[in-house]
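J.: using only what follows, build the 3D model:
(2 chains)
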Amino acid sequence: MKKKYSGIEKKLSRWGWTFVTPALLFFSLFSFYPIVNAAYTSLFRKKILSLKPPTFIGLKNYAYLLRSDDFWNSIRATFAFTLGAFLPLLVVSLLLAVLILSVKRGQKFLQLAYYAPAVLSSVVAAVIWMSIFDPRGLGNQWLNFLLNTPGTDHKWLADSFMVQLSTILVYFWKYIGYFVVIFIAGLAAIPGSLYEAALIDGADRWQSFWRITFPLLKPTVVLVSVMAMLQCLKTFSTQYLFVQSGSPQAPINVITLNIYNTGIRDHMIGRSSAMSIILFIIMLFFTWLQFKTTKADEVSY
Amino acid sequence: MKKTLPIILSLLIFSLPLMAGGAQEEQGPMTLTVWTHEDPNRTAIEERYISEFEATHPDVTIERVTNSSQKMPELLLTAFAANEGPHIFNTQIEDAYAYIVNGRVGAVDPPSAGYKSVKALKDAYVEGVLDAVTMDVEVYGLPLELTNWAPYINKRVIRAAGLDPDRDYPRTWEDIVAVSEKIILRDGEIITRRGFDFRYPYYLVSMVPMVEQLGGQLISDDGKTAIVGDEAWLKFLRFMADWGPFGKNLGSPTYTNARKLFDADNNDMAMAMSGLYQEGRIRADNPEFYESGDWMVIPFPQFKDAVREAACAYYGHFYMVNSQKSEREQKASWEFVSYMLSHPEEYLTEVGLIQPTRALMASKTFSDMPYAQVFADDMARGSMVYYGENSAKIQELIKEAVEGVMLGGIEPEKALASLKVKAQEVLDQE
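T.: Numbers count the residues shown, from 1 in each chain, chains lettered A, B, ... in the order given. You can find the predicted model right below:
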């Protein structure tokens, strides 16, 4: 049976729609439409420059990708990067946030300092790090000093393991501040009275962290972990700029880079759309999995 | 409201393509857009050509837009994919070829371009240079530049290594290795002064000719087989493995680009591969070094046991005209392109670009450019870089093979086997 709305509810509902419409319009235009369009295009053999109508090939683009070593290498590269960047980002940003909140002076300065790389453009960040990773750059000098291995070239941009590590380092440096700021906001929202009560009950700082801070910070942890994971799965600019600067492509050929090369360089827009839909499904699955396993909403103060 | 809003949004979204702009009127004033890559020296002269052309064609306005050369292919592609490409654009032939085969660019209109016929147009240029933009007898682009590379030598560094640059300059790839071994300085494994290094991202331009010298081919004559001549490819891959950090450690793709270091004359780069345009850059970056005469250009080296002579491949940027514009606009576009290109000597002296017309190549202006003859002779021994819809992918596969043996320690035999399979798959997909 259809629910009847009273006058005030109708009015509120109308205002609700008024406020939501711009966001819906924006989402429909820039997110939903491209997803639907990509899903549709992925069913065709379509060259981006061709004026001929695309040929409908059903799921053949997907079948090709699932047989392609190149695509599986991209899956591997994406997951290697995500695991390498996502876990340290999550753990270190939480630790840094706790550390920053525990210092008496200079909290704002530390937040600003950690956040600064996030506002740098990826191109500038890559240029800075390319000079560090140059065989004659600071990367080799620092590591050789620390390891006492003078004159060793650690091949930051050449060796297949090192180039993956280099992209993770750049990404970690660039985004750590962003997640630190989110954690600080989450930590600040926990009521101070809980810590006072724990102190009266004789709890030490370690116990306070594990028994109060961590459980109550769960929604923020889930938010950061989902955001960090999605960001890592979508990583593109660092790998793109490294390859442009001479690094081998295969070790860091993440899915987004493969999508770009297939669509823009090789002009196969149907196949690259299929890749982007697979990436979309992967991201959707892991987001669902994280929400499912963490049950983020089961927290109350 | 709940139902109507999604319907309105959907209608809005799906009606977007209908809002795209159409062609201009067949009469009255028109605006031609030109997209080209950044080059300050060229901008200066082309802005002047625009003013001159607009003065003689009051109904035409020309909007010249520059973008970075790296971004251009992507911008053009997305613009054309949305059927919103500019009237005139230039891009390198490896990228431009796809525009021709997909009918995105119009054929040169000889009368508008100032020629009586297609034959007269072809006769005005050096033989073969328009082949890359010729299809079914029609010509689809006019060359803004045609470039090949040869090694530039810093005589000071050669002398510092106890060699006589005029007598000891390398003629063969084996000489390049021997001279580099005498020049190179290292701090442990890290090279601090290189004798020579390759231009790594450009495998099709400078490395495929090395394979051709040994008798190999990128694509067979019938166009059906990729990577022909295993022995030639293997010898080339072994040479590159030997060059890299796991071999003689003479250079690597991850060091700073050799050409960039060369101009500074900081005693860290003796030889670098570049085009005639590099002379203008040395003059601008380091006038003292340019005027000193302590640099020279030598022919592209050959292997000692080369079975055929091959110099660096030449590549080109061609001006092209969007076929989706009206006939009137296309004709005006060709007229303007041809007006710009009627100043080849100014392009050469002011920008360092070679527009390969017979008249320019025979001119005193060309022969007066230092070492211009070295480039002209190499061009005669070379061929156009491999171009096709798959050229970028093929280049990536060669990169993978070369860098695999140089940096990844992969055996040349294994790298070759993988390259053959992958390149053939790409070729078969066309």
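J.: the helix or strand containing B:Phe53 packs against which elements?
T.: Following DSSP states H and E, one finds B:Phe53 within helix B:40-56. In this structure, helix B:40-56 packs against strand B:60-67, helix B:327-340, with contacts taken as 3 or more CB pairs under 8 Å, 6 or more residues apart in numbering or on different chains; DSSP states H and E. From N, CA and C alone the C-beta is placed, and that goes for glycine too.
J.: ok and the residue in chain A nearest chain B?
T.: Residue nearest to chain B within chain A (CB to the nearest CB): A:Gly151, separated by 1.4 Å.
J.: strands of the stretch 201-350 of chain B, start to end?
T.: Counting by DSSP state E, counting those that start in this stretch, the stretch 201-350 of chain B has these strands, from start to end: B:217-219, B:226-228, B:269-274, B:295-297, B:315-321.
J.: okay if I get the ones you listed as JSON lines plus distance to chain A, mean pLDDT and mean neighbour count?
T.: As requested, the strands of the stretch 201-350 of chain B are exported to JSON lines (distance: least, CB to the nearest CB, whole Å; pLDDT from 0 to 100; neighbours: other CB atoms under 10 Å in any protein chain shown):
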{"stretch": "strand B:217-219", "distance to chain A": "17", "mean pLDDT": "96", "mean neighbour count": "20"}
{"stretch": "strand B:226-228", "distance to chain A": "15", "mean pLDDT": "97", "mean neighbour count": "21"}
{"stretch": "strand B:269-274", "distance to chain A": "12", "mean pLDDT": "96", "mean neighbour count": "25"}
{"stretch": "strand B:295-297", "distance to chain A": "23", "mean pLDDT": "97", "mean neighbour count": "20"}
{"stretch": "strand B:315-321", "distance to chain A": "13", "mean pLDDT": "94", "mean neighbour count": "26"}
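J.: so which of the helices and strands packed on helix B:40-56 is nearest B:Thr254?
T.: B:Thr254 lies closest to strand B:60-67 among the helices and strands packed on helix B:40-56, at 27.4 Å (CB to CB).
J.: same for the longest helix along chain A, what does it pack against?
T.: For chain A, the helix with the greatest residue count under DSSP state H is helix A:69-102. Taking 3+ CB pairs under 8 Å, 6+ apart as contact, the helices and strands that helix A:69-102 lies on are helix A:107-119, helix A:160-188, helix A:218-233, helix A:255-260, helix A:269-294.
J.: out of these, point me to the one whose mean pLDDT is lowest.
T.: The minimum mean pLDDT among the helices and strands packed on helix A:69-102 belongs to helix A:107-119 (a mean of 82).
J.: picking that back up, what residues of the longest helix of chain A count as buried?
T.: By neighbour count, and taking 16 or more other CB atoms under 10 Å in any protein chain shown as the criterion, the buried residues in helix A:69-102 are A:71, A:73-75, A:77-82, A:84-86, A:88-90, A:93-94, A:96-98, A:100.
J.: again, but for stretch B:344-360
T.: Of the residues in stretch B:344-360, those scored as buried under the neighbour-count criterion (16+ other CB under 10 Å) are B:Pro344, B:Tyr347, B:Leu348, B:Thr349, B:Val351, B:Gly352, B:Leu353, B:Ile354, B:Gln355, B:Pro356, B:Thr357, B:Leu360.
J.: hang on, B:Thr192 in a strand?
T.: Yes: following the definition DSSP: H, G, I helix; E, B strand; the rest coil, B:Thr192 is counted among the residues of a strand.
J.: residues touching the closest residue to it other than its chain neighbours, list them.
T.: Taking CB to CB, 6 or more residues apart in numbering or on different chains, and ignoring the residues beside it in sequence, B:Thr192 has B:Leu185 as its nearest neighbour in space, at 4.9 Å. Residues counted as contacts of B:Leu185 (CB atoms under 8 Å, 6 or more residues apart in numbering or on different chains) are B:Ile191, B:Thr192, B:Arg193.
J.: quick one, phi/psi of B:Leu185?
T.: The phi/psi pair for B:Leu185 (degrees, to the nearest 10) reads phi -120, psi 140.
J.: and for the one 10 residues further on?
T.: Geometry field for B:Gly195 lists phi and psi as phi -80, psi -50, criterion degrees, to the nearest 10.
J.: so where is chain A shaky, pLDDT-wise?
T.: Counting by pLDDT under 70, the low-confidence segments of chain A come to A:1-5, A:295-301.
J.: any idea how far the residue nearest the centre of it is from A:Leu146?
T.: The geometric centre of chain A, computed from its C-alpha atoms, lies nearest to A:Gln231 (CA atoms, centre = their mean), at 1.3 Å. Relative to A:Leu146, A:Gln231 is positioned 29 Å away (CB to CB, to the nearest Å).
J.: mean neighbour count, the helices and strands packed on helix A:69-102: which tops it?
T.: Between the helices and strands packed on helix A:69-102, the one whose residues have the most neighbours on average, counting mean count of other CB atoms under 10 Å in any protein chain shown, is helix A:255-260 (a mean of 22).
J.: that one vs chain B: in contact?
T.: No: Helix A:255-260 does not reach chain B (CB under 8 Å from any CB of the partner chain); its nearest approach is 8.8 Å.
J.: so what touches that helix?
T.: Contacts of helix A:255-260 from elsewhere in the structure, counted by CB under 8 Å, 6+ apart, are A:70-71, A:74-75, A:77-78, A:233-236, A:239-240, A:243, A:249, A:272, A:275-276, A:278-279.
J.: same check on stretch A:121-140?
T.: By CB under 8 Å, 6+ apart, the list of residues contacting stretch A:121-140 from outside reads A:117, A:152-157, A:166, A:169-170, A:173-174, A:237-238, A:241-242, A:245, B:190-192, B:252, B:254-256.
J.: how long is that stretch from one end to the other?
T.: 25 Å (CA to CA, to the nearest Å).
J.: how about stretch B:367-383?
T.: Stretch B:367-383 stretches 21 Å from its first residue to its last (CA to CA).
J.: give me the buried positions along that stretch.
T.: B:Met369, B:Tyr371, B:Ala372, B:Val374, B:Phe375, B:Ala376, B:Asp378, B:Met379, B:Arg381, B:Gly382, B:Ser383.
J.: switch these over to JSON lines; also include secondary structure and distance to chain A.
T.: Supplementary listing: the buried residues of stretch B:367-383 in JSON lines, determined by DSSP: H, G, I helix; E, B strand; the rest coil; distance: CB to the nearest CB, whole Å:
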{"residue": "B:Met369", "secondary structure": "coil", "distance to chain A": "31"}
{"residue": "B:Tyr371", "secondary structure": "coil", "distance to chain A": "28"}
{"residue": "B:Ala372", "secondary structure": "helix", "distance to chain A": "30"}
{"residue": "B:Val374", "secondary structure": "helix", "distance to chain A": "27"}
{"residue": "B:Phe375", "secondary structure": "helix", "distance to chain A": "26"}
{"residue": "B:Ala376", "secondary structure": "helix", "distance to chain A": "31"}
{"residue": "B:Asp378", "secondary structure": "helix", "distance to chain A": "25"}
{"residue": "B:Met379", "secondary structure": "helix", "distance to chain A": "27"}
{"residue": "B:Arg381", "secondary structure": "helix", "distance to chain A": "28"}
{"residue": "B:Gly382", "secondary structure": "coil", "distance to chain A": "24"}
{"residue": "B:Ser383", "secondary structure": "coil", "distance to chain A": "23"}
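J.: on that earlier part again, wait, what's in contact with the residue nearest to the residue nearest to the centre of chain A when sequence neighbours are not counted?
T.: Distance criterion CB to CB, 6+ apart; nearest residue to A:Gln231, sequence neighbours excluded, is A:Tyr175 at 6.6 Å. Taking CB under 8 Å, 6+ apart as the contact definition, A:Tyr175 lies against A:Leu89, A:Pro117, A:Ala118, A:Ala228, A:Gln231.
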